[in-house]
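> Let me see the structure of the following:
(chains A, B, C and D)
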Number of protein chains: 2
Amino acid sequence: MENEILKYLSKYIPITQELEEELNKIEFIKLFPKGTILLEEGKISNECYFIIKGCIRSFYNKDGEEKTTEFYTEEQAVIPSAYGKKIPSEYYIECIEDTITGVGTPELETEVYRKFPQVESLNRALGEVIMAKYQDTFAEFKMASPEERYLALLKNRPDLIQRAPQHQIASYLGIKPESLSRIRKRIVK
Amino acid sequence: MENEILKYLSKYIPITQELEEELNKIEFIKLFPKGTILLEEGKISNECYFIIKGCIRSFYNKDGEEKTTEFYTEEQAVIPSAYGKKIPSEYYIECIEDTITGVGTPELETEVYRKFPQVESLNRALGEVIMAKYQDTFAEFKMASPEERYLALLKNRPDLIQRAPQHQIASYLGIKPESLSRIRKRIVK
DNA sequence: TGCATTTCTTAACTTAAGTCAACGAATTGG
DNA sequence: CCAATTCGTTGACTTAAGTTAAGAAATGCA
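Numbers count the residues shown, from 1 in each chain, chains lettered A, B, ... in the order given. Next up is the predicted model:
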């Protein structure tokens, strides 16, 4: 677990001795216990996270009801919409398991990009890949019925169904908990 | 219309004489008539587009039915999920109006990034902004009912309702054309 | 361990979207 | 300009999700 981010980066670019030392110096690994709120609605966001182990969700508070919109797990980056901008966040970010992350800040990023421009290139390329996947996910969501969305989730991220409570999964699928309960019952048959 | 892309870029980075000349040399402005299919399902994608004027949609063919998943208009980038990867596209891309675009290719990008690393930095930063917006759009979509989605579209992209046929708007909202027709009737009251 | 809280399920009922079909309106191409 | 096709609306009916409420199951905490 010493430097999982380096391990991850090394899949994509060669890690020089210099880069390794630099990243070891600045990298900030943190453990957050389950239940930690990493970002609150209305607050300024100055941190992003790379999940080494654990699970994080983002959720809105709509008329007192929590609407989970995203789940993040191992090897995923959590970048709040308001990250680095000086605007209040519209949603919360919470660890739903004990979670180990690398923590990034705009200042850290700027410094690393300046010293190692290749890392910025990599981020540009990785960003495009993640964007493409996300687009596809949104398109599938639009085209599918709630039941189809649940079946797709079972297939694509089966771990989530174990890791997150069902009412959070429900809003992630864009439906009510009662509906998800019925869908599950229907499927068993 | 000589170089709209330079105009757009100049909002974000200083345009040197050298960069301007370079981009003028390599930039490839094309006009596509309404109805042009820019990418077909199953085909390899080697072009991305920056819309100067016009409207482009992406759509899937699900059991013979077209499902429009995205509309792109002025100052938006159209980057197919399969762009630059050597995998077949899962969807079509079509101009639904006469459309003027800047056309990009992976080779062109590589060359520009090599000569003007600042452009790659800008793209990294812009990509993050676009990603954040897209995430917010997806979250809103999940939380809203079909009627609320339509009202949001009316508010946020009112031009689209004039520019695209209603059945395409319907699948963009994740519903059937008959339902959209009824929603519109409900709203007028 | 046991009590309190949260989560999940079930049921009855309401509401709105999906489906199928028909028809008139608008658009397109020759 | 006309014929053909596509598009949008409407109606009747089906299906599934939302709502409300209640109780069972699971979980967390003292």
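> Quick one: residues contacting A:Phe116.
A:Phe116 is in contact with A:Leu19, A:Glu22, counting by CB atoms under 8 Å, 6 or more residues apart in numbering or on different chains. Glycine gets a C-beta too; all of them are placed from N, C-alpha and C.
> let's go with 7 Å and repeat that
Remark: with contacts taken as CB atoms under 7 Å, 6 or more residues apart in numbering or on different chains, A:Phe116 is in contact with A:Leu19.
> need the helices for chain A, in chain order.
According to DSSP state H, chain A carries its helices in the segments A:4-9, A:17-26, A:106-115, A:117-143, A:146-156, A:158-163, A:166-172, A:177-188.
> Would you convert those into CSV that also reports mean pLDDT?
Shown next, in CSV, are these (pLDDT from 0 to 100):
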stretch, mean pLDDT
helix A:4-9, 72
helix A:17-26, 73
helix A:106-115, 93
helix A:117-143, 96
helix A:146-156, 96
helix A:158-163, 95
helix A:166-172, 97
helix A:177-188, 94
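> looking at those helices, which is buried most?
When neighbours are counted by mean count of other CB atoms under 10 Å in any protein chain shown, the highest per-stretch mean among the helices of chain A falls to helix A:166-172, a mean of 19.
> So that one, near DNA strand C or not?
Yes. Helix A:166-172 reaches DNA strand C (CB under 7 Å from any atom of the strand) through A:Gln166, A:His167.
> Mind giving me the packing neighbours of that helix?
Contacting helix A:166-172 under the criterion 3 or more CB pairs under 7 Å, 6 or more residues apart in numbering or on different chains; DSSP states H and E are the following elements: strand A:65-72, helix A:177-188.
> and it, how far out from the chain's middle?
The chain centroid and the centroid of helix A:166-172 are separated by 16 Å, computed with CA atoms, centre = their mean, to the nearest Å.
> could I have that helix exported to PDB, CA atoms only?
As requested, the backbone C-alpha atoms of helix A:166-172 are provided in PDB (Å, rounded to 0.1, in the frame of the first residue of the first chain):
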ATOM      1  CA  GLN A 166     -30.300  -0.600  -1.300                       C
ATOM      2  CA  HIS A 167     -32.000   2.800  -0.900                       C
ATOM      3  CA  GLN A 168     -28.800   4.500  -2.100                       C
ATOM      4  CA  ILE A 169     -28.600   2.100  -5.100                       C
ATOM      5  CA  ALA A 170     -32.300   3.000  -5.900                       C
ATOM      6  CA  SER A 171     -31.600   6.700  -6.300                       C
ATOM      7  CA  TYR A 172     -28.400   5.900  -8.200                       C
END
